[in-house]
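> Have a look at this prediction, sequence included:
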Amino acid sequence: MSESAYADGEIADRRKRIVLTLEAIETPVTVDRLADELEDAGPSPVGGIGRDQSWADLHERLHDEDLPALDGAGLIVFDVDRGLVSRRGADENRYVLEGRSAPDRGSAAIPVDAGVDRGDWAAYYLGAVVLSALLLAGVATSFGPLARVSPTVASGSIVGLFGLLAVLDAVRH
(Lines give C-alpha, C1' and ligand atoms only; values in the text may rest on other atoms or scores of the structure.)
Protein backbone atom coordinates (compact mmCIF):
# COMPACT_ATOMS: atom_id res chain seq x y z
CA MET A 1 0.00 0.00 0.00
CA SER A 2 1.39 3.39 -0.96
CA GLU A 3 1.96 6.10 1.63
CA SER A 4 -0.72 8.22 -0.01
CA ALA A 5 -3.31 5.45 0.13
CA TYR A 6 -2.40 4.72 3.74
CA ALA A 7 -2.69 8.42 4.64
CA ASP A 8 -6.07 8.67 2.88
CA GLY A 9 -7.33 5.63 4.80
CA GLU A 10 -6.06 7.08 8.08
CA ILE A 11 -7.81 10.38 7.42
CA ALA A 12 -11.06 8.59 6.55
CA ASP A 13 -10.85 6.48 9.73
CA ARG A 14 -10.09 9.54 11.84
CA ARG A 15 -13.05 11.45 10.40
CA LYS A 16 -15.35 8.48 10.85
CA ARG A 17 -14.36 8.40 14.51
CA ILE A 18 -15.14 12.11 14.82
CA VAL A 19 -18.64 11.61 13.37
CA LEU A 20 -19.28 8.59 15.62
CA THR A 21 -18.14 10.57 18.66
CA LEU A 22 -20.52 13.40 17.78
CA GLU A 23 -23.36 10.89 17.47
CA ALA A 24 -22.61 9.62 20.97
CA ILE A 25 -22.61 12.98 22.77
CA GLU A 26 -25.06 15.85 23.20
CA THR A 27 -24.45 18.51 20.57
CA PRO A 28 -23.72 21.29 19.77
CA VAL A 29 -20.30 21.17 21.40
CA THR A 30 -17.22 23.32 21.23
CA VAL A 31 -14.14 22.15 19.39
CA ASP A 32 -12.44 22.03 22.81
CA ARG A 33 -15.04 19.59 24.15
CA LEU A 34 -14.81 17.43 21.04
CA ALA A 35 -11.04 17.31 21.37
CA ASP A 36 -11.48 16.31 25.04
CA GLU A 37 -13.91 13.53 24.08
CA LEU A 38 -11.59 12.18 21.41
CA GLU A 39 -8.58 12.35 23.69
CA ASP A 40 -10.49 10.66 26.55
CA ALA A 41 -11.48 7.82 24.22
CA GLY A 42 -7.81 6.97 23.88
CA PRO A 43 -5.63 6.46 20.87
CA SER A 44 -7.19 4.98 17.80
CA PRO A 45 -5.32 2.04 16.30
CA VAL A 46 -5.97 3.36 12.80
CA GLY A 47 -7.49 6.82 13.08
CA GLY A 48 -4.50 8.94 14.01
CA ILE A 49 -6.38 10.50 16.94
CA GLY A 50 -4.40 10.61 20.13
CA ARG A 51 -1.49 8.62 18.75
CA ASP A 52 1.73 10.61 19.32
CA GLN A 53 -0.33 13.80 19.21
CA SER A 54 -0.81 16.53 21.77
CA TRP A 55 -4.22 17.95 22.66
CA ALA A 56 -3.25 21.23 20.96
CA ASP A 57 -2.29 19.38 17.76
CA LEU A 58 -5.56 17.45 17.87
CA HIS A 59 -7.54 20.68 18.39
CA GLU A 60 -5.75 22.42 15.53
CA ARG A 61 -6.29 19.47 13.15
CA LEU A 62 -9.98 19.35 14.08
CA HIS A 63 -10.49 23.09 13.61
CA ASP A 64 -8.41 23.56 10.46
CA GLU A 65 -8.83 20.28 8.58
CA ASP A 66 -11.29 17.65 9.76
CA LEU A 67 -14.33 19.67 10.82
CA PRO A 68 -14.39 21.92 7.72
CA ALA A 69 -14.03 18.83 5.51
CA LEU A 70 -16.82 16.97 7.31
CA ASP A 71 -19.04 20.07 7.16
CA GLY A 72 -18.32 20.44 3.46
CA ALA A 73 -19.29 16.80 2.95
CA GLY A 74 -22.59 17.45 4.74
CA LEU A 75 -21.88 15.04 7.60
CA ILE A 76 -21.78 17.62 10.39
CA VAL A 77 -22.47 21.31 10.96
CA PHE A 78 -19.40 23.33 11.92
CA ASP A 79 -19.71 27.01 12.80
CA VAL A 80 -16.12 28.22 12.42
CA ASP A 81 -16.82 31.68 13.87
CA ARG A 82 -18.41 30.36 17.06
CA GLY A 83 -16.34 27.17 17.30
CA LEU A 84 -19.43 24.95 17.61
CA VAL A 85 -19.97 21.51 16.11
CA SER A 86 -23.22 19.58 15.73
CA ARG A 87 -24.48 16.39 14.16
CA ARG A 88 -26.05 16.91 10.76
CA GLY A 89 -29.14 14.91 11.69
CA ALA A 90 -29.88 17.00 14.76
CA ASP A 91 -32.22 19.62 13.28
CA GLU A 92 -32.64 21.59 16.48
CA ASN A 93 -28.88 21.83 16.88
CA ARG A 94 -28.53 23.25 13.38
CA TYR A 95 -30.89 26.04 14.33
CA VAL A 96 -28.86 26.72 17.48
CA LEU A 97 -25.65 26.90 15.44
CA GLU A 98 -27.26 29.45 13.16
CA GLY A 99 -28.49 31.56 16.05
CA ARG A 100 -32.16 30.86 15.33
CA SER A 101 -34.74 29.24 17.53
CA ALA A 102 -35.96 25.81 16.49
CA PRO A 103 -39.53 25.49 15.22
CA ASP A 104 -42.18 23.98 17.47
CA ARG A 105 -42.24 20.20 17.36
CA GLY A 106 -45.74 20.37 15.93
CA SER A 107 -44.73 22.49 12.96
CA ALA A 108 -42.95 21.29 9.86
CA ALA A 109 -39.22 21.83 10.14
CA ILE A 110 -37.78 24.07 7.47
CA PRO A 111 -34.48 22.80 6.09
CA VAL A 112 -31.54 24.96 7.09
CA ASP A 113 -30.49 25.53 3.50
CA ALA A 114 -33.97 26.29 2.17
CA GLY A 115 -33.78 29.15 -0.28
CA VAL A 116 -30.00 29.26 -0.13
CA ASP A 117 -28.34 29.10 -3.53
CA ARG A 118 -24.93 27.59 -3.17
CA GLY A 119 -23.93 28.83 -6.62
CA ASP A 120 -24.04 25.47 -8.38
CA TRP A 121 -26.82 26.64 -10.72
CA ALA A 122 -24.61 29.45 -11.94
CA ALA A 123 -22.45 26.82 -13.63
CA TYR A 124 -25.49 25.36 -15.41
CA TYR A 125 -26.56 28.77 -16.66
CA LEU A 126 -23.01 29.52 -17.82
CA GLY A 127 -22.97 26.22 -19.70
CA ALA A 128 -26.30 27.10 -21.32
CA VAL A 129 -24.91 30.49 -22.38
CA VAL A 130 -21.84 28.84 -23.94
CA LEU A 131 -23.97 26.24 -25.76
CA SER A 132 -26.32 28.97 -26.95
CA ALA A 133 -23.45 31.06 -28.29
CA LEU A 134 -22.00 28.04 -30.10
CA LEU A 135 -25.40 27.16 -31.57
CA LEU A 136 -26.01 30.72 -32.80
CA ALA A 137 -22.48 30.98 -34.22
CA GLY A 138 -22.92 27.68 -36.01
CA VAL A 139 -26.26 28.76 -37.50
CA ALA A 140 -24.95 32.21 -38.48
CA THR A 141 -21.89 30.76 -40.25
CA SER A 142 -23.80 27.78 -41.70
CA PHE A 143 -21.32 25.44 -40.05
CA GLY A 144 -21.72 21.74 -40.88
CA PRO A 145 -25.05 20.22 -39.85
CA LEU A 146 -26.17 23.56 -38.40
CA ALA A 147 -26.44 24.97 -41.93
CA ARG A 148 -29.93 23.44 -42.21
CA VAL A 149 -31.15 24.86 -38.86
CA SER A 150 -33.19 28.02 -39.14
CA PRO A 151 -32.44 30.93 -36.80
CA THR A 152 -36.00 30.64 -35.45
CA VAL A 153 -35.45 27.01 -34.42
CA ALA A 154 -32.08 27.86 -32.88
CA SER A 155 -33.61 30.75 -30.90
CA GLY A 156 -36.50 28.55 -29.78
CA SER A 157 -34.05 25.87 -28.63
CA ILE A 158 -32.14 28.41 -26.57
CA VAL A 159 -35.32 29.75 -24.97
CA GLY A 160 -36.40 26.17 -24.23
CA LEU A 161 -33.04 25.35 -22.66
CA PHE A 162 -33.15 28.36 -20.36
CA GLY A 163 -36.80 27.65 -19.56
CA LEU A 164 -35.93 24.09 -18.56
CA LEU A 165 -33.12 25.33 -16.32
CA ALA A 166 -35.43 27.89 -14.71
CA VAL A 167 -38.07 25.23 -14.00
CA LEU A 168 -35.49 22.82 -12.55
CA ASP A 169 -34.02 25.60 -10.42
CA ALA A 170 -37.48 26.56 -9.14
CA VAL A 171 -38.36 22.94 -8.32
CA ARG A 172 -35.05 22.52 -6.53
CA HIS A 173 -35.77 25.48 -4.27
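Nice, I can see it. Being a predicted model, the structure only gives us computed values, none of them experimental.
> residues near Ser86, how many?
Neighbour count of Ser86, defined by other C-beta atoms under 10 Å: 23. From N, CA and C alone the C-beta is placed, and that goes for glycine too.
> Which element, helix or strand, includes it?
If you go by DSSP states H and E, Ser86 is part of strand 84-87.
> What strands flank that strand, and is each parallel or antiparallel?
With DSSP bridges as the test, strand 84-87 is paired with strand 29-30 (antiparallel), strand 76-79 (antiparallel).
> quick one: average pLDDT of stretch 134-154?
For stretch 134-154, mean pLDDT rounds to 84.
> what do you get for stretch 19-27?
86.
> which outside residues touch that stretch?
29, 33-34, 37-38, 41, 70, 75-76, 85-87, 90, 93 (C-beta atoms under 8 Å, 6 or more residues apart in numbering).
> buried ones in it?
Neighbour counts over stretch 19-27 (16 or more other C-beta atoms under 10 Å) mark 19, 21-22, 27 as buried.
> Between which two of those residues is the distance greatest?
Within these, Val19 and Thr27 form the most distant pair, 11.2 Å apart (C-beta to C-beta).
> mind checking how far Thr21 is from Val31?
12 Å (C-beta to C-beta, to the nearest Å).
> Using the three-state scheme, assign Arg82.
Following DSSP: H, G, I helix; E, B strand; the rest coil, Arg82 is assigned to coil.
> residues near it, how many?
Applying other C-beta under 10 Å, we find 14 residues neighbouring Arg82.
> ranges for the helices of this structure?
3-24, 31-40, 55-61, 67-72, 91-97, 120-140, 151-172 (DSSP state H).
> Can you give me the buried ones in the first one?
Same thing as helix 3-24. 10-11, 13-15, 17-19, 21-22.
> before we move on, what about the last one?
Going by neighbour count (16+ other C-beta under 10 Å), the buried part of helix 151-172 is 154, 157-158, 161.
> Of these, which is the nearest to Leu131?
Checking these against Leu131 with C-beta to C-beta, the nearest one is Leu161 at 7.1 Å.
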